[in-house]
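Participant: Using only what follows, build the 3D model:
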Amino acid sequence: MRNFRFLLPLLVAVPAPAQEPAASADDFFPLVAGTTWTYKVSGQEDRFSVKAVRQEMIGTQTCMLMEAMLKDKVVATEHLAFTKNGLYRFRADKEDIDPPVCVLKLPTTRNLRWNAEYKLGTRSAKYTFSSATTEITVPAGKFKAVTVQTDSNEAPGRGTLTWISYAEGIGMVRQAIVEGKGRPALSLELEKFETVPKP
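Facilitator: Numbering: from 1, shown residues only. As a prediction, the model looks like this:
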């Protein structure tokens, strides 16, 4: 299950009507402690869940600790935070990302492309992101979404393509990952979203 980079998005956003204010990144990923997302995993009967746990400091940045669980066991964690430029990933498991990676670029009302390079422990990687508008149907319903395609390259022959779709007010509704040539895609599809009122 560690194949799931559960918050590395390809964002697809639907343009807002001209008379409405443009949606911000936090509209597409509500980082409120206690919020839980439950996903159906392709080819498995088990459910994969992600929970916003609590705020923690990474350096000088206040982040939200996110826990991913399978069979009631935490299998991955990461720390996310919003900045004026978008949604950033600051830590994966117990290793800081240097520099933090923008996984959802602002504004979400138009298609965007951006690149990133980072180090995670002894590993380094290059990413190319692109966003587009889409409509997604998953067990939890039908959503207008922002889908971000991520093309990563950690080493020769070890490229990964990831698609993550975010629905406004809910967060990630679908993720699909293809690692290496000829390997089948893995996917997560939202079944249930449980949130708590913002403080």
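
Participant: now the end-to-end length of stretch 82-97.
Facilitator: With C-alpha to C-alpha, to the nearest Å applied, stretch 82-97 spans 15 Å between its terminal residues.

Participant: Please apply the same query to stretch 102-112.
Facilitator: As for stretch 102-112, its first-to-last residue distance stands at 12 Å under the measure C-alpha to C-alpha.

Participant: count of neighbours near P139?
Facilitator: The criterion is other C-beta atoms under 10 Å. On that basis, P139 has 12 neighbouring residues. C-beta coordinates here come from the backbone N, C-alpha and C atoms, glycine included.

Participant: Now do it against E189, distance only.
Facilitator: Note on P139: its distance to E189, by C-beta to C-beta, to the nearest Å, is 6 Å.

Participant: Model confidence for L87, exactly?
Facilitator: According to the model's per-residue confidence, L87 sits at a pLDDT of 90.

Participant: Repeat that for K119.
Facilitator: At K119 the predicted local distance difference test score is 89.

Participant: and if you look at the one 3 residues further on?
Facilitator: Here the pLDDT value assigned to T122 is 85.

Participant: mind checking the backbone torsions on it?
Facilitator: T122 has phi and psi values of phi -90, psi 0 when expressed as degrees, to the nearest 10.

Participant: Same question for K94.
Facilitator: Backbone geometry at K94, expressed as degrees, to the nearest 10, gives phi -110, psi 10.

Participant: and it, how far is that from G121?
Facilitator: K94 is 9 Å from G121, by C-beta to C-beta.

Participant: so where is the protein shaky, pLDDT-wise?
Facilitator: Where the chain drops to pLDDT under 70, the residues are 1-26, 154-158, 180-184, 198-199.

Participant: about what we covered before: which residues are common contacts for P139 and E189?
Facilitator: Common neighbours of P139 and E189 are listed as K40 (criterion: C-beta atoms under 8 Å, 6 or more residues apart in numbering).
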